[in-house]
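Asks: could you look at this predicted model? Sequence included:
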Amino acid sequence: MKSLEFVLKNFKSDCIDGRDAYRLGEYTPKSELKLLGLELKDDATHNPKEWCEENILDDLKDDIRFGYTKAINGRGISSKFMASVVEMWDWILTDDKKLLEHHESFCDNHLNTFMGLATKYGISLEELK
């Protein structure tokens, strides 16, 4: 798994609405949020989650399941945004190469992305069908 320092230096958002950056911001110290293009209001509190594989995998599982639900219900924009998020988690969890090739297709609403990563990480989607 990549270090938070490495991720913050090398992360580039693939998501038009910045959803991937916001999700990563949940782990980022307040002083480093600017690296993601994020900032908090002066009176806002921010307690970052611990940067560990278990927490990242929990978020990956939740995000795959959420994105998959959007995809099977034909919510193309939402599924695209979530595909960007789960691809980010996969990039964080693997070495510098992406081990799963992602191919955009309007027809599948990114089902291949969600199903491929669910298989890779042993996440069941069966009950969501």
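Replies: Thanks, I have the structure now. Only a predicted model underlies this, so the values are computations on that prediction, with no experimental measurement involved. Residues are numbered from 1 along each chain as shown.
Asks: residue at max distance from the center of the protein?
Replies: In the chain, residue 43 marks the outermost C-alpha relative to the chain mean, sitting 27.2 Å out by CA atoms, centre = their mean.
Asks: shaky segments in this structure?
Replies: Counting by pLDDT under 70, the chain shows low-confidence ranges at 96-109.
Asks: ok, 80 please
Replies: 95-109, 129 (pLDDT under 80).
Asks: quick one: buried residues of the lengthiest helix in it?
Replies: Looking across the chain with DSSP state H, the single longest helix is helix 53-72. Along helix 53-72, the positions that meet the burial threshold by neighbour count (16 or more other CB atoms under 10 Å) are 56-57, 59-61, 63-71. In this view, the C-beta of every residue, glycine as well, is placed from N, C-alpha and C.
Asks: make CSV from those residues and add distance to residue 29 to it.
Replies: As requested, these are arranged in CSV below (distance: CB to CB, whole Å):
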residue, distance to residue 29
56, 16
57, 21
59, 17
60, 21
61, 24
63, 22
64, 26
65, 28
66, 26
67, 27
68, 31
69, 32
70, 30
71, 33
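Asks: quick one: which of those is nearest to residue 8?
Replies: Checking the buried residues of helix 53-72 against residue 8 by CB to CB gives residue 56 as the nearest, at 14.2 Å.
Asks: so what's the closest one up against?
Replies: Under the criterion of CB atoms under 8 Å, 6 or more residues apart in numbering, the contact partners of residue 56 comprise 1, 89, 92, 93.
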